[in-house]
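Peer 1: got a predicted structure here, sequence first:
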Amino acid sequence: MKLLLSGNEAAARGAWEAGATFGSAYPGTPSTECMEAFAEYDDVYAEWAINEKVAYESAIGASVAGARVLTTMKHVGVNVAADPMFTSAYTGVNGGFVIFAADDPGMHSSQNCQDSRFYALASHIPCLEPSDSNEAYAYTKTAYALSERFDVPLMVRSSVRVSHTKCPVEVGDKVDYVAKTYQKDSMKWVMMPAGAKFRRARQIERITLLESFAEETELNLLESFGKSDANDIREYGFVCSGPVYQYIKDAIEEADLSANVLKLGMVYPLCKNKLQKIRKQSAKLFVIDEGSEYLSQMISSLGIAIDDTPKDIKAIGELSKRDIKYALDLPLDEGIQTPKDIIARPPALCAGCPHRLVYKELSRLHAIVTGDIGCYTLGSLPPLSCMDTCICMGASVSMMHGFNASGIKYDRPIVSVIGDSTFAHSGVSSLISMVYNGGSGTVCVLDNRTTAMTGHQGNPFNGKTLQNKTSRELDIEGLCKAIGVKHVLTVDPYDMNAVRNALKEETSFEGVSVIVFKRPCVLLEKIKSKPYFVGDCKGCGICLTLGCPAISKTEQGLASISADQCIGCGQCCQYCSFKAINRL
Amino acid sequence: MNNQATTVLLCGVGGQGTILAADILAGVCMAQGLDVKVSEIHGMAQRGGAVTTVVRFGQNVNSMACSIAEADFVYALETTEALRNISFLKPGGVLLVSDETIKTLPAAIGKDVMPKNPIERLNESGAIIIPAKQIAVDAGTEKASNIALLGALSVNLRFDENVWIEVLNKRIPQKYLDINLKAFNAGREAFRQIN
């Protein structure tokens, strides 16, 4: 049976067919759909954990119990999961354990483009890298067997083009996997120094075994194209992995090159002998990698000489077939030039988004705003332009604390904004630390009742689980009070005066305060009430500063509201001093 | 030599339905027993940003991305996005554009200036302009613009019309099927009349 599957869906299928019955993850583009797809299969338990570390640890627990397990995360999620990951490479596994890590080399939806393969190297966790959905399916399925054979978690490293490209995949049936049985073994599972030293030795032995496996496995594929000379040498040799393989193959076919290609399906540890072989059989050996020096550094460290491509390949972002041809100084096709006056089309907070008015009010306060990761990061864009920093999940609260605790005084309030899911992910621990240390600042929890940016997943505050089981809504106010925050209040973010007064009040004293701005995401409940329209507009332009996609400026300089786009939230009308904005 | 995959680049503004159009095209390719890759980028761009999806199909498809001057077809649901992606069109390729122009948010609030005369400029580049939005409105909802333009594209691809109809039947919710079939057929007709 052939199914049209994205790399994420294909990996989930591979896991299910291999007999995985436990999944835990925190959503993050481009990895999210993998756990969502896994959760749809029969006889599996799948959950959203509050963050990647918790997900990873839950997965280890299920593996120790004897199940085959899947945990998925985006590349920056690997940072969060790194603590248990490194030590799980000592303990090894009971049931097979697969980490599906999806990287974003072009930063389509991420704050950086770090390479998860460096984590595989650093933690000595073997890593497979598919180049399309077919391989995402097959490699994930294989990874479970390898995980048990070598007694180690396996990483399957995807990237955005694999995760988000659909292609037909010939799928199979679920295997009859018999769950393992847990047996007490403190030298394996209790990583105190005695056990850790013992397992460290096993880990080193295991790498030697895996290196031998890398030489044998067909995951590492050496192919030849075009004619060789009398000594069996081809003009070019390419070493690559992931989607880059597809681009290289196209470039070779188009330019009819004489070339060897070593496609590394296993990117850690590497197959030294195969690399030496392609070196010998190629006049020039190029290592082509996407926005990373991982492969070139690793291959150089094996003492294998790499040649420079005739032209430098860009080190930033994703590659394409054209980049390969450019690097080889091959003729490039030229199309019509992109006109110079094409302006950017940045994404924006939706019409009716409950975050909008909060940002407008923070701007009026001239607050210094430490921000966080989610839809609401769009509040940093004009015209709201209301965010000073954004680093990583949960950083808004701790950075605000640092700003205030630095001892450097600013004559402006310091405020952090964080979404409900991000608050659960790691904002809560920052808040505990801040309260404990007697910090000061106002935390604005933009509680839109969902994990919106990644596609509306459940989280503890909305009480919706991945498999739609009944849970309870965690009470943010109650939680903050229990932590020791004395000033906690919930405010309707559609109410301008309430937002203004709350912000003014809560930023007026030294100490910690939390304001929960609670309103569901407009995409979640698809609320649409009667739209507003602009009557006798004086052209002051204040409503335009809200950056609502439903409000535009006419050629006469007046405001106009699109009845199609307006959902009738009423945020804008509160700003019109002339009462010109009214409901239809 | 070239494995002769056909490349279609679909572009528009988040929410216009490029991804659904791409999925339907991919469904048709699969029904014809072809290899196909559909590459989309989502995440932040969904919130009203510029969106592109690439469909490549043939006996054997390698790359999932589209390079400059590689697209046999550019399918654009919006004129500025057509101009933004025009460099991807292969010399001799077909540029199919819906005549709709959607202002960017900064332009809508007077903080940026939209490119002037997009339709004239697209015409100069040999674009085929389809009144996809009007066709969709006539069929019952402007939301079917993506399917109207897909109808126009379908005339250019040598797949049997019935296969398109079968895939539309599968992919469009029953409630909206009639409107979309009407838009699809009107899109086909519009292309035939222009050419």
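Peer 2: Arrived safely, thanks for sending. Since we're looking at a predicted model, the values are computed, not measured.

Peer 1: now do the strands in chain B.
Peer 2: Taking DSSP state E as the test, the strands found in chain B are B:6-13, B:35-40, B:50-58, B:71-76, B:89-98, B:128-130.

Peer 1: keeping just the C-alphas, turn the third one into CSV.
Peer 2: Output of strand B:50-58 as CSV, limited to C-alpha atoms (Å, rounded to 0.1, in the frame of the first residue of the first chain):
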residue,chain,number,x,y,z
ALA,B,50,4.0,34.8,1.9
VAL,B,51,3.5,31.0,1.3
THR,B,52,5.1,28.7,-1.3
THR,B,53,4.6,25.0,-2.0
VAL,B,54,6.5,23.0,-4.5
VAL,B,55,5.1,20.0,-6.3
ARG,B,56,7.6,17.9,-8.4
PHE,B,57,6.4,14.9,-10.3
GLY,B,58,7.6,12.4,-12.8
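
Peer 1: follow-up on the earlier one: turn the strands of chain B into TSV, including mean pLDDT and mean neighbour count.
Peer 2: Where you see a C-beta, it was placed from the backbone N, CA and C, and this is true even at glycine. Listed next are the strands of chain B as TSV, based on pLDDT from 0 to 100; neighbours: other CB atoms under 10 Å in any protein chain shown:
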stretch	mean pLDDT	mean neighbour count
strand B:6-13	97	25
strand B:35-40	96	23
strand B:50-58	96	24
strand B:71-76	98	26
strand B:89-98	97	20
strand B:128-130	98	21
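
Peer 1: how much space between A:Cys569 and chain B?
Peer 2: As judged by CB to the nearest CB, to the nearest Å, A:Cys569 and chain B stand 16 Å apart.

Peer 1: surely that residue is within a strand?
Peer 2: No: counting by DSSP: H, G, I helix; E, B strand; the rest coil, A:Cys569 is located in no strand; its state is coil.

Peer 1: before we move on, back to that, looking at the strands of chain B, which is nearest to A:Lys141?
Peer 2: Closest of the strands of chain B to A:Lys141 is strand B:35-40, at 20.7 Å (criterion: CB to CB).

Peer 1: would you double-check that A:Ser513 falls in a helix?
Peer 2: No: going by three-state DSSP, the assignment for A:Ser513 is strand, not a helix.

Peer 1: that one against A:Thr442, yeah?
Peer 2: Yes: applying CB atoms under 8 Å, one finds A:Ser513 in contact with A:Thr442, separated by 4.8 Å.

Peer 1: where do the contact lists of the two overlap?
Peer 2: Counting by CB atoms under 8 Å, 6 or more residues apart in numbering or on different chains, the residues touching both A:Ser513 and A:Thr442 are A:506-507.

Peer 1: I'd like the distance from the biggest helix by length in chain B to the chain centre, please.
Peer 2: Using DSSP state H to define each element, chain B has its longest helix at helix B:174-194. Centroid separation for helix B:174-194 versus its chain: 14 Å, with CA atoms, centre = their mean, to the nearest Å.

Peer 1: and the angle from it to strand B:89-98?
Peer 2: 120 degrees (axes from the mean of the first three to the mean of the last three CA atoms, to 10 degrees).

Peer 1: tell me the mean pLDDT over helix B:174-194?
Peer 2: Across helix B:174-194, pLDDT averages out at 97.

Peer 1: list the buried residues for that helix?
Peer 2: Buried residues in helix B:174-194, defined by neighbour count with 16 or more other CB atoms under 10 Å in any protein chain shown: B:179-188, B:190-191.

Peer 1: tell me what that helix is packed against?
Peer 2: For helix B:174-194, the contact count by 3 or more CB pairs under 8 Å, 6 or more residues apart in numbering or on different chains; DSSP states H and E identifies strand B:128-130, helix B:132-139, helix B:145-156, helix B:161-171 as packing neighbours.

Peer 1: return the most buried member of those.
Peer 2: Among those, the stretch with the highest mean neighbour count (mean count of other CB atoms under 10 Å in any protein chain shown) is helix B:145-156, at a mean of 26.

Peer 1: not counting its own residues, what contacts the helix or strand encompassing A:Ser560?
Peer 2: Applying DSSP states H and E as the criterion places A:Ser560 in strand A:559-561. With contacts defined as CB under 8 Å, 6+ apart, strand A:559-561 is touched by A:531-534, A:537, A:539, A:541, A:543-544, A:550-554, A:572, A:580-581.

Peer 1: returning to that earlier point: which of A:Ser513 and A:Thr442 has more residues huddled nearby?
Peer 2: A direct count of neighbours by other CB atoms under 10 Å in any protein chain shown for A:Ser513 and A:Thr442 places A:Thr442 higher, at 26 against 23.

Peer 1: pairing partners for the particular helix or strand that has that one in it, with directions?
Peer 2: Taking DSSP H and E as the definition, A:Thr442 sits inside strand A:441-447. Strand pairing for strand A:441-447, determined by DSSP bridges: strand A:414-419 (parallel), strand A:512-518 (parallel).

Peer 1: mean confidence for that strand?
Peer 2: Mean predicted confidence for strand A:441-447 is 98.

Peer 1: quick check: which element contains A:Val488?
Peer 2: A:Val488 belongs to strand A:487-491, assigned by DSSP H and E.

Peer 1: and that strand, what's buried?
Peer 2: By neighbour count on 16+ other CB under 10 Å, the buried set for strand A:487-491 is A:487-488, A:490-491.

Peer 1: please convert those to JSON lines, extending it with distance to chain B.
Peer 2: Formatted as JSON lines, the buried residues of strand A:487-491 follow (distance: CB to the nearest CB, whole Å):
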{"residue": "A:His487", "distance to chain B": "32"}
{"residue": "A:Val488", "distance to chain B": "30"}
{"residue": "A:Thr490", "distance to chain B": "26"}
{"residue": "A:Val491", "distance to chain B": "24"}
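
Peer 1: leaving out the residues flanking it, which one is nearest to B:Gly27?
Peer 2: Spatial nearest neighbour of B:Gly27, chain neighbours left out: B:Val167 (4.0 Å); criterion: CB to CB, 6 or more residues apart in numbering or on different chains.

Peer 1: for A:Arg206, see how far away A:Tyr90 is.
Peer 2: Per CB to CB, to the nearest Å, A:Tyr90 is found 10 Å from A:Arg206.

Peer 1: and for A:Thr470?
Peer 2: To A:Arg206, A:Thr470 is 43 Å away according to CB to CB.

Peer 1: okay, these two: which has more neighbours?
Peer 2: Set A:Thr470 next to A:Arg206 and count neighbours by other CB under 10 Å: A:Arg206 wins out with 19 against 7.

Peer 1: so where does the more buried one fall, helix or strand?
Peer 2: helix A:193-216.

Peer 1: give me the residue from chain A nearest chain B.
Peer 2: A:Ser109 (2.9 Å; CB to the nearest CB).

Peer 1: so that residue belongs to a strand, correct?
Peer 2: No: going by three-state DSSP, the assignment for A:Ser109 is coil, not a strand.

Peer 1: does it touch A:Pro30 like I think?
Peer 2: Yes: here A:Ser109 reaches A:Pro30: they are 6.7 Å apart, a contact under CB under 8 Å.

Peer 1: who has more neighbours, those two?
Peer 2: Remark: of A:Ser109 and A:Pro30, A:Pro30 carries more neighbours, 28 against 20, as counted by other CB under 10 Å.

Peer 1: and A:Lys277, how many neighbours does it have?
Peer 2: Neighbours of A:Lys277 under the rule other CB under 10 Å: 16.

Peer 1: can I assume it sits in a helix?
Peer 2: Yes: if the criterion is three-state DSSP, then A:Lys277 is within a helix.

Peer 1: now it: how far from A:Thr91?
Peer 2: Taking CB to CB, one finds A:Lys277 at 35 Å from A:Thr91.

Peer 1: A:Lys74 now?
Peer 2: For A:Lys74 relative to A:Thr91 (CB to CB), the value is 25 Å.

Peer 1: neighbour count: these two, which is higher?
Peer 2: Neighbours per residue (other CB under 10 Å) separate A:Lys74 from A:Thr91, with A:Lys74 holding more: 28 against 25.
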